[in-house]
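Visitor: take this sequence and fold it.
(one chain, ligands or ions: 1)
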Amino acid sequence: MIHSCFVVAIDGPSGTGKSSTAKEIARRLAIDYLDTGAMYRALSLKALQSGVAPSDAAGLGTLAGQLDLLFPQPGQVILDGQDVSKAIRTPEISGRVSSDCAHAQVRTILVERQRQYALGRSCALDGRDVGTVVFPHARFKFYVDCDPRVRARRRVAELQAMGVHADYDDVLANLVERDRLDSTREVGPLRRANDAILVDTSHLTFEEQVERILSVVRAGA
Ligand code: DC
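Guide: Residues are numbered from 1 along each chain as shown. As a prediction, this is how the structure comes out:
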């Protein structure tokens, strides 16, 4: 039985299923869920709307400080009073978010917001630097990884199910490029924390991924 507030940090590259896994874990544990990637995506959308370029560190930092952002329920993102849950997932946003989020000015502000979000509540957060930078003392840390070819296949299937045509080679190239940008940036790069438990989802079903993490949290609680 868990008596005090705790953080479940789930990091890993794009397309490993960590967001859906974190959301489901939060649901089953009846704790809150924060998709930190959605915050960076919302910033990119705001920057696009405001004409701020991905190279404009100061402009992006200012926007990050002014972001009017709400997460009324898991998966829902409200920016400036508008539901942008879908608008932050377009290829245009995916194409620029890795550059926008690499600036120290941006990360300092959004990392602080992520810390504030978790104050006084138990929650699961997924991202790239949750276990290394945002909550280096999180009670539970996981690093979810997956063969890029499996990730690309799953992503193509997801897009096709949504009626969107997707080319496997393009999807694979985009995933690999985003991983490269996210893991080579200077501030808060994607990397596995020394004390994070590795969960390789290449051969796991969704239920197995969820159970693997949940069993650790329940045992350590
Ligand atoms: O998880 P995602 O694909 O929605 O994340 C969008 C982008 O934000 C991705 O390029 C990585 C970046 N990101 C980050 O730098 N740090 C986080 N904690 C979460 C996401």
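
Visitor: is the ligand contacted by the longest helix that the chain contains?
Guide: Looking across the chain with DSSP state H, the single longest helix is helix 168-184. Yes. Using C-beta under 6 Å from any ligand atom, helix 168-184 reaches the ligand at 178, 182. Quick note: C-beta positions are derived from backbone N, CA and C, even for glycine.

Visitor: remind me what that helix packs against, helices and strands.
Guide: Where contact means 3 or more C-beta pairs under 8 Å, 6 or more residues apart in numbering; DSSP states H and E, helix 168-184 is packed against helix 91-100, helix 148-161.

Visitor: redo those helices as TSV? Include mean pLDDT and mean neighbour count.
Guide: Output for these, formatted as TSV (pLDDT from 0 to 100; neighbours: other C-beta atoms under 10 Å):
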stretch	mean pLDDT	mean neighbour count
helix 91-100	90	17
helix 148-161	90	16
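
Visitor: between those helices, which gets nearest to the ligand?
Guide: In terms of C-beta to the nearest ligand atom, the element of those nearest to the ligand is helix 91-100, at 3.8 Å.

Visitor: quick one: that closest one to helix 168-184, angle?
Guide: Helix 91-100 and helix 168-184 meet at an angle of 20 degrees, taking axes from the mean of the first three to the mean of the last three C-alpha atoms, to 10 degrees as the criterion.

Visitor: now do helix 91-100: distance to the chain's middle.
Guide: In terms of C-alpha atoms, centre = their mean, to the nearest Å, the gap separating the centre of helix 91-100 from the centre of its chain is 13 Å.

Visitor: hmm, who's touching that helix?
Guide: Here helix 91-100 makes contact (C-beta atoms under 8 Å, 6 or more residues apart in numbering) with 37, 40-41, 43-45, 47-48, 54-55, 60, 87, 106, 174, 178, 181-182.

Visitor: only the buried subset of these, as a PyMOL command please.
Guide: Buried residues among the contacts of helix 91-100 (16 or more other C-beta atoms under 10 Å), as a PyMOL selection:
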select buried, resi 37+40+41+43+44+45+47+48+54+60+87+106+174+178+182
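
Visitor: so which of the contacts of helix 91-100 are in helices?
Guide: Short answer: the contacts of helix 91-100 in helices (DSSP H) are 37, 40-41, 43-45, 47-48, 60, 106, 174, 178, 181-182.

Visitor: what's the pLDDT at Gly15?
Guide: As summarised for this prediction, Gly15 has a pLDDT of 87.

Visitor: from now on call the first residue 48
Guide: That works, and once the first residue is 48, the last one we named lands at Gly62.

Visitor: quick check: residues of the protein near the ligand?
Guide: Going by C-beta under 6 Å from any ligand atom, the residues of the chain near the ligand are 61, 83-84, 87-88, 144-145, 148, 174-177, 225, 229.
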